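>>> I'd like to go over a predicted model; first the sequence, then the structure.
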Amino acid sequence: MDATQRVARKAQAELTGILERIRGSPVVHADETGWREDGHNGYVWTFSTPTERYFLRRGRGKAVVDEVLGDQFAGVLVSDFYAAYHHYDGPKQRCWAHLLRDIHDLRALYPDDDRLAQWADAIHQLYRQATAFTHPSEQQRPEQQRPEQQRPEQQRPEQQRPEQQRPEQQRPEQQRPEQQRPRAATARAATARAATARAATAHRPTGPGTAPAGPLPYLPG
């Protein structure tokens, strides 16, 4: 426990900096969930931006929102529909998943309400526009964001054409003469040796005291 407290004291300055940066952010995402610790029920809260994360364990009352955001936060608070976020006076963005699910349930409850249907369609269209803006499709992305459309000189070596490959990557039939299979060279050497032997035998002199050039001829008896 003593070591944990020492670490907490050392990190206090960094935690204060994170909290100040969150309070100065134009958008903060908040959420909470149950967290049981040492046999006691409680809730862990998170307040997040694209670069910062702040966690703390408290109860589930709205006072936690005021404790973290303070009086200086004036940005957009993104949250679900839990009542602890309702009292915030600044702009709010509700979780799209919760909102669309609630709208679907409303349309199921009042299927004959034309005004409700028009309003629900308008909200859904707004959601489509928002997602298209923040998460554009492959066709809408700029050319420089598509790595698969790189120029030929930027391609990987394994994507080059066969004629652009290195000599050691060529096919066996395209290798240099000294790299060809040894069988052809061996056959040619054997043929040359046989021809040389026949020529030497044909021109070997004969006479008294000289061994015959080849095998003795067959003489019928």
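Happy to help now that I have it.
>>> how near is residue 133 to residue 126?
11 Å (C-beta to C-beta, to the nearest Å). C-beta here means a position set from N, CA and C on the backbone, and glycine is covered the same way.
>>> any low-confidence regions in this protein?
1, 137-221 (pLDDT under 70).
>>> what residues does the top strand by length along the chain touch?
Secondary structure of the chain per DSSP state E: the longest strand is strand 27-34. Identification of contacts with strand 27-34 by C-beta atoms under 8 Å, 6 or more residues apart in numbering yields 22, 41-49, 60, 64-65, 68-69, 73, 75-80, 82, 84-85, 93.
>>> whichever of those residues end up buried, select them in PyMOL.
Buried members of the contacts of strand 27-34 can be picked out in PyMOL with the line below, counting by 16 or more other C-beta atoms under 10 Å:
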select buried, resi 22+43+45+47+48+49+60+64+65+68+69+73+75+77+78+79+84+85
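>>> among the contacts of strand 27-34, which lie within helices?
Among the contacts of strand 27-34, the ones falling in helices (DSSP state H) are 22, 64-65, 68-69.
>>> if we look at stretch 78-92, which residues are touching it?
So stretch 78-92 is contacted by 27-32, 60-62, 64-65, 69, 73-77, 93-95, 98, 102 (C-beta under 8 Å, 6+ apart).
>>> run the last query once more with 7 Å
27-31, 60-62, 64-65, 74-77, 93-95, 98 (C-beta atoms under 7 Å, 6 or more residues apart in numbering).
>>> now do stretch 51-67
18-19, 21-22, 30, 32, 35, 37, 42-47, 68, 84-85, 87-88.
>>> same thing but at 10 Å, please
15, 17-25, 28-30, 32-35, 37, 40-48, 68, 73, 77, 79, 82-88 (C-beta atoms under 10 Å, 6 or more residues apart in numbering).
>>> got the buried residues for it?
So stretch 51-67, judged by 16+ other C-beta under 10 Å, has buried residues 52, 54, 60, 64-65.
>>> also stretch 84-96?
Buried positions in stretch 84-96, judged by neighbour count with 16+ other C-beta under 10 Å: 84-85, 88.
>>> turn those into JSON lines, including distance to residue 112.
As requested, these are exported to JSON lines (distance: C-beta to C-beta, whole Å):
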{"residue": "84", "distance to residue 112": "35"}
{"residue": "85", "distance to residue 112": "33"}
{"residue": "88", "distance to residue 112": "36"}
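>>> specify which member of those residues is nearest to residue 116.
Of all those, residue 85 has the smallest distance to residue 116: 24.9 Å, by C-beta to C-beta.
>>> how much space separates that closest one from residue 105?
20 Å.
>>> got it, and residue 4?
Plainly put, residue 4 is 45 Å away from residue 105 if you go by C-beta to C-beta.
>>> what's the burial count for the nearest residue to residue 102 once chain neighbours are set aside?
Closest residue in space to residue 102, ignoring its immediate chain neighbours: residue 81 at 7.6 Å, by C-beta to C-beta, 6 or more residues apart in numbering. Residue 81 sits with 12 neighbouring residues when counted by other C-beta atoms under 10 Å.
>>> mind listing what's buried in the helix or strand encompassing residue 117?
For residue 117, the enclosing helix or strand under DSSP states H and E is helix 114-134. Buried residues in helix 114-134, counting neighbours by 16+ other C-beta under 10 Å, are found at residue 120.
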